[in-house]
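**Student:** let me see the structure of the following:
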Amino acid sequence: MFRLVALSAFLVVLSVASGGTIEGEDVSKQPKQDVTFCASKPGDKVLSFMQISDEGHYLGLASLDVVFPPEGEPENNVINCILVKDLKPELEATANIAVGTLGSTNVTIHLESVFSKGLSFSIKILGQKGKA
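**Tutor:** The predicted model follows:
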């Protein structure tokens, strides 16, 4: 009986590793490297929207920190929502919030490709204008 259970577990792991299916779910189409970090409030407006792309570097990584607000701009907007969408999930790039959080007045989003590949993300930041 133990061998049957161990064999079943091994086959499930093998199926997941090979991009197969488990109970009809296509494991190869797991959620992309999107970041949705929101606590929206009435009156939120788009504070920033941008699209970032880097074709990649031969034998290297594409790495970028997106800072809001840009250097030299006042930090007088409260951030209530950060949306980062991977536009080319096949590149397997990652995005994470490196500095800041909801309710803060600044945020840094770190984008990074995998070795020798590029990245492509859209970033939208929403919040309340003119509040400190």
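**Student:** which segments of this protein make up each domain?
**Tutor:** Under the assignment automatic domain parsing, the domains of the chain span 1-30, 31-128.
**Student:** deepest of those domains, which one?
**Tutor:** domain 31-128 (a mean of 15; mean count of other Cβ atoms under 10 Å). (C-beta placed from N, C-alpha, C; glycine too.)
**Student:** strands along the chain, start to end?
**Tutor:** 21-22, 25-26, 35-38, 45-54, 63-68, 78-86, 94-99, 107-112, 119-128 (DSSP state E).
**Student:** one step back: can I get the domains of the chain in CSV including mean pLDDT?
**Tutor:** Output for the domains of the chain, formatted as CSV (pLDDT from 0 to 100):
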stretch, mean pLDDT
domain 1-30, 37
domain 31-128, 91
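**Student:** in terms of contact, does residue 118 touch residue 53 like I think?
**Tutor:** Yes - Residue 118 lies in contact with residue 53 (Cβ atoms under 8 Å); the separation is 7.0 Å.
**Student:** who touches both of the two?
**Tutor:** Common contact partners of residue 118 and residue 53 (Cβ atoms under 8 Å, 6 or more residues apart in numbering): none.
**Student:** so who does residue 72 touch?
**Tutor:** Residues near residue 72 by Cβ under 8 Å, 6+ apart: none.
**Student:** what does residue 53 give?
**Tutor:** 87, 118, 119, 120, 121.
**Student:** repeat for residue 80
**Tutor:** So residue 80 contacts 38, 39, 40, 41, 44, 102, 103, 126, 127, 128 (Cβ under 8 Å, 6+ apart).
**Student:** same deal with residue 82?
**Tutor:** Taking Cβ under 8 Å, 6+ apart, one finds 35, 36, 37, 38, 97, 102, 107, 109, 123, 124, 125, 126 in contact with residue 82.
**Student:** could you give the bridge partners of the third one?
**Tutor:** Following DSSP bridges, residue 37 is listed with bridge partners residue 82.
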